[in-house]
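Trainee: Sequence and predicted structure, then a few things I'm wondering about:
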Amino acid sequence: MLEVKAANSAQMQKEIEIKKKSVDKEREECKIEEDAAKKQKSSAEIKQADCDQALERVMPIYHEAQKAVASLSAADVTEMKGFKSPPLPAVEVAKTLCMFFFIKPVMIAGPTPGSKVPDYWTTAKKDVLTA
């Protein structure tokens, strides 16, 4: 009976060794995945810090733009609508207003045949400056 138990014990020990090798292999694979995840996390944290820094720089500009848009008067709008051939700053204001209100520009023929360019002025006169 002792020999049978010794044989069973030896068999169990072999099975344990096999399972231990399998567990060790899985542990190594998990460690590799963990290291890769830590690198990705570190990279993401660096990108997050960069984004936070960039956002910190542009938020004052954004708030100033909001104030500027809020301070536009009806006379300002009427003056802008009156331009037949608008100066570049007026076109930039029109473009900004379209972007601010999420209005897509009309696409017109570009400088090269078959090309299209956005026309914010026409869109702004029609959709933004008349509202």
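Mentor: Received it, and whenever you're ready, just let me know what you need. Residues are numbered from 1 along each chain as shown.

Trainee: now the strands for this protein?
Mentor: In the chain, strands defined by DSSP state E lie at 106-109, 116-119, listed in chain order.

Trainee: Pick the most deeply packed of those strands.
Mentor: Neighbour counts (mean count of other C-beta atoms under 10 Å) averaged over each of these peak at strand 116-119, with a mean of 14. All C-beta spots, glycine's among them, are computed from the backbone N, C-alpha and C.

Trainee: Now tell me what touches that one from outside.
Mentor: Pro105, Val106, Met107, Ile108, Ala109, Gly110, Pro111 (C-beta atoms under 8 Å, 6 or more residues apart in numbering).

Trainee: Centre of the chain to stretch 5-23, how far?
Mentor: 53 Å (C-alpha atoms, centre = their mean, to the nearest Å).

Trainee: So which bits of it are buried?
Mentor: Within stretch 5-23, no residue is scored as buried using 16 or more other C-beta atoms under 10 Å.
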